[in-house]
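Participant: predicted structure and sequence below. I'll ask about it afterward.
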Amino acid sequence: MGRVIAWLARTGSPPENMNIAIVGGGIGGLATALALIQAGFTVTVYERSAELVDQGAGITLAPNATRVLYHLGLGPQLEETSVTPPQTEYRHYRTGAVIMRMMTRNFLQMYGAPYMRLHRWDLQHAMITRLTEVAPGALRLGASVEQVEPRGERVALKFADGGEVTVDVVIAADGIRSAIREALFHPAPPVFAGFVAWRGLVDTAVLPPHLCESAVAFGQGRHINRYLVRRGELLNFIAVAHRDKWEAEGWMIPAPLDEFLAEFASFDEGTRTVISRPVRGQVYKWGLFGRPWLERWSSGRVVLLGDAAHPMLPFLGQGAANALEDAMILTRCLVAESTPERAFALYQQTRAPKVRAATEQAAQRGHRYLGEPNADSLKGNEPGAEYAYDAVAGPLGG
């Protein structure tokens, strides 16, 4: 609490009685709620799902992401389940030969925050638990927002069940297919990025020990990234293949296991063994879509955050990190500025240059896996300046 008081003393104080609604109970929405509550705001999170459930996926969090999570008090819970690999090997897809070995450096010493690999649900569950502790009743499940209606200095939220609430500020953290972004900003439609992805989890108890490792097998338009999560009890994999065909975008679309295995039949034996043993035989498939850059993230007292503002292809591993950074920067801007509108302008001024560069870099990185695998195709794959970014205490305004 002392850190919060010191922060408010430096930057000002939250406007009296400001009531903020966050639409979306994912990582970005929950982080924003925790940051705002820590800063003294009154917050309610409206999530359309009747319950938040385990979606069976891993997540990589670089120091720029974990710095925010530690600031929000989540470090001890995440340390209980996270895995930090000693190294990651990049291998030829067909032979399994090591092309490059990247050792994991002491990022805690370098940047003041650790590098973590987690089961996504372990992160989300820790955030929900923390929110329940600091603001009981702040998370409203089964609350599907149908319409956002500006009313002067207030905003009305209209729900699918006919209910309505009026608040001072709405933060749309409703994901890559944000209905609020579509309604208020009318962006250009998504464009198929030319890649299809599959994901799954494998119980490490059914694998030979030498396959329970962090490795990326790649080449000829396909790659498979695998890494340990949940104390090493599970191995997460994400597989990507180049495609010309338009594919469905949904994150939870079940895929036939035999179709998936046939797609990657040319990969080395170890990789094929891993992907052939997903938990309950279940893998999920989706198409990767890019979206044109949105020049404006706010309208009146409604502002976009995370994927709703700046969707990012997964090749940089920075999508969740940027949502967490957004949460922290937006909170600081709302504390620092006299009106929400001024805060939103400062938030976008602070975030847009960095996020746009990351979005463009992520799109470019997908192409490194298209040709014959070699060390040249991996140049620039080492951690970059993004790891040092400090959303908690770095400068606002660019």
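Facilitator: Looks like it arrived, so ask away.
Participant: for C333, which three-state class applies?
Facilitator: When the structure is split into helix, strand and coil by DSSP: H, G, I helix; E, B strand; the rest coil, C333 lands in helix.
Participant: burial count for it?
Facilitator: Around C333 there are 24 other residues, counting by other Cβ atoms under 10 Å. For glycine as for every other residue, the C-beta is placed from the backbone atoms N, C-alpha and C.
Participant: what about stretch 195-209, distance to the chain center?
Facilitator: Using Cα atoms, centre = their mean, to the nearest Å, the mean C-alpha position of stretch 195-209 is found 20 Å from that of the whole chain.
Participant: list the buried ones in that stretch?
Facilitator: Across stretch 195-209, burial judged by 16 or more other Cβ atoms under 10 Å covers 195-202, 204, 207.
Participant: which ones among those residues lie within helices?
Facilitator: Secondary structure defined by DSSP state H assigns none of the buried residues of stretch 195-209 to helices.
Participant: identify, from those residues, the entry nearest to G366.
Facilitator: Comparing the buried residues of stretch 195-209 against G366 with Cβ to Cβ places F195 closest, at 5.9 Å.
Participant: for that closest one, give me its contacts.
Facilitator: F195 makes contacts with 240-243, 287-288, 313, 366, as judged by Cβ atoms under 8 Å, 6 or more residues apart in numbering.
Participant: distance check, it against A255.
Facilitator: If you measure F195 against A255 using Cβ to Cβ, to the nearest Å, the figure is 15 Å.
Participant: one more: E341?
Facilitator: From E341 over to A255 the distance is 45 Å, taken as Cβ to Cβ.
Participant: next one: Q87
Facilitator: Relative to A255, Q87 is positioned 30 Å away (criterion: Cβ to Cβ).
Participant: repeat for L330
Facilitator: Applying Cβ to Cβ, one obtains 36 Å for the distance of L330 from A255.
Participant: the more surrounded of these two?
Facilitator: Neighbour comparison, L330 and A255: the larger count goes to L330, with 29 against 18 (by other Cβ under 10 Å).
Participant: does that one touch A31 like I think?
Facilitator: No: between L330 and A31 there is no contact, the gap being 10.0 Å when judged by Cβ atoms under 8 Å.
Participant: neighbours around the residue nearest to S276 when sequence neighbours are not counted, how many?
Facilitator: Nearest non-adjacent residue to S276, counting by Cβ to Cβ, 6 or more residues apart in numbering: L261, 6.0 Å away. Close neighbours of L261, defined as other Cβ under 10 Å, add up to 14.
Participant: pull out the buried positions in the host helix or strand of L261.
Facilitator: Per DSSP states H and E, L261 falls inside helix 257-263. Neighbour-count burial for helix 257-263 flags 257, 260, 263 (criterion: 16+ other Cβ under 10 Å).
Participant: then stretch 176-195?
Facilitator: The neighbour-count criterion (16+ other Cβ under 10 Å) identifies 176-181, 184-185, 190, 192-195 as the buried residues of stretch 176-195.
Participant: low-confidence bits of the chain, can you list those?
Facilitator: Across the chain, the ranges flagged by pLDDT under 70 are 1-16, 251, 398.
Participant: adding neighbour count, distance to G281 and secondary structure, write the contacts of F195 out as TSV.
Facilitator: TSV is the format used below for the contacts of F195 (neighbours: other Cβ atoms under 10 Å; distance: Cβ to Cβ, whole Å; DSSP: H, G, I helix; E, B strand; the rest coil):
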residue	neighbour count	distance to G281	secondary structure
V240	22	21	strand
A241	19	20	strand
H242	16	25	strand
R243	16	23	coil
G287	19	22	strand
L288	20	24	strand
L313	22	28	coil
G366	21	28	helix
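Participant: could I get these as a markdown table with distance to Q220?
Facilitator: Shown next, in a markdown table, are the contacts of F195 (distance: Cβ to Cβ, whole Å):
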| residue | distance to Q220 |
| --- | --- |
| V240 | 12 |
| A241 | 10 |
| H242 | 9 |
| R243 | 13 |
| G287 | 19 |
| L288 | 18 |
| L313 | 19 |
| G366 | 14 |
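Participant: nearest spatial neighbour of L30, skipping sequence neighbours?
Facilitator: In space, L30 is closest to M127, 4.1 Å off (Cβ to Cβ, 6+ apart).
Participant: name the SS class of the one you found, please.
Facilitator: When the structure is reduced to helix, strand and coil (three-state DSSP), M127 reads as helix.
Participant: can you pull the contacts of it?
Facilitator: For M127, the set of contacting residues under the criterion of Cβ under 8 Å, 6+ apart consists of 27, 30-31, 34, 74.
Participant: residues making contact with whichever strand or helix holds R272?
Facilitator: Secondary-structure element containing R272, defined by DSSP H and E: helix 269-275. Residues outside helix 269-275 that contact it (Cβ under 8 Å, 6+ apart) are 93, 96, 200, 202, 207-208, 210-211, 215, 217, 224, 226, 235, 237, 239, 260-261, 264-265, 267, 283.
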